[in-house]
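Novice: Okay, here's the prediction I keep looking at, along with the sequence it came from:
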Amino acid sequence: MYYCHQCHSFYAVRDGSQDVVECVACHSPLVEAVRSAAHREELQRLMEQQQRAEEEQAQQRLLRQLRLLDGIELQVHGAGPQWHLVHLFLPSGPDGPGGPPVDELMRSFRRFPHGLREADRAAHPEAFLESACLICLEPLQDPAEGEREGERETGGEERGTNNTTTTTTTTTTTSTSTETSSEGQPVVMLPCKHCYHAECIRTWLQQSRQCPLCRASVLPQENVSNAASSSDIPPSSTPPAHSGEPNN
């Protein structure tokens, strides 16, 4: 068995008599032979450390890209061209934003596991006001929706020309689409009704607890109420005495 330090994967070689000089997956020369179970566990720990480091680097790159969007005018293509002035707030305090943990916040949001689908439009029409995630600019809709629509259109055209050919072609098209179709990314809806990809907004929430677009708080209502009440100054039961005025 060998371990690749480039793509962080273990793999076995059928012909054990031949030395491996490169990874069979990524062709990197950074391969190492696994000598024992203890050695494998050591490499497993190393792999997990490398993956965590790469995830942190990816988050930092995303935050740098978000800062570049601050103050620019962004065009989001939907039913019609829409323009938004993007103003991002990215606090850089060492302790990060306050409030509940990010995972707890994520569980409180409305979630669309495979992206937005037409079946969700009736119950959540506001989710379809934007066609792309403001953070990564990728579509919010499930790509399988477009594939199914294309299959229906293709099937209708073929049925109008030749029924026999249509049956065979439609079956082939359907099987091919099933193999190549990919599910959409999970989408969440914030309390302000703006939608983002789950992974994009998770990274954002590690730095800010406001919607990237409208700046509304994403904290549950009870947290917002508690924060507001704790900052209120209780009224005094007796008016302050005014110096220099005689008492009647």
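Specialist: Everything's here; your move.

Novice: For the protein, just list every one of the strands.
Specialist: 2-4, 9-11, 31-33, 73-77, 81-85, 110-112, 187-189, 195-197 (DSSP state E).

Novice: quick one: low-confidence ranges for this protein?
Specialist: Along the chain, the parts satisfying pLDDT under 70 run over 14-18, 66-98, 146-183, 221-248.

Novice: Kindly state the domain boundaries assigned to it.
Specialist: For the chain, automatic domain parsing gives the domain ranges 1-58, 89-156+182-224.

Novice: Residue 21 and residue 39, how far apart?
Specialist: 19 Å (C-beta to C-beta, to the nearest Å). In this view, the C-beta of every residue, glycine as well, is placed from N, C-alpha and C.

Novice: Comparing these two, which shows the higher neighbour count?
Specialist: residue 39 (14 against 8; other C-beta atoms under 10 Å).

Novice: This structure: helices as residue ranges?
Specialist: In the chain, the helices defined using DSSP state H lie at 37-68, 102-108, 143-161, 163-180, 198-205, 221-231.

Novice: what sits against the closest residue to residue 188 other than its chain neighbours?
Specialist: Distances taken as C-beta to C-beta, 6 or more residues apart in numbering put residue 109 closest to residue 188, at 4.1 Å, once the chain neighbours are dropped. Listed by C-beta atoms under 8 Å, 6 or more residues apart in numbering, the contact partners of residue 109 are 188-191, 218.

Novice: quick check, nearest of these to residue 123?
Specialist: Nearest to residue 123 among the contacts of residue 109, counting by C-beta to C-beta, is residue 189 at 11.0 Å.

Novice: That closest one: what's it in contact with?
Specialist: Applying C-beta under 8 Å, 6+ apart, one finds that residue 189 lies in contact with 109-112, 124, 127, 195.

Novice: run the last query once more with 7 Å
Specialist: Contact analysis of residue 189 by C-beta atoms under 7 Å, 6 or more residues apart in numbering lists 109-110, 124, 127, 195.

Novice: can you check residue 220 too?
Specialist: residue 108.

Novice: From residue 45, how far out is it?
Specialist: In this view, residue 220 and residue 45 are 37 Å apart by C-beta to C-beta.
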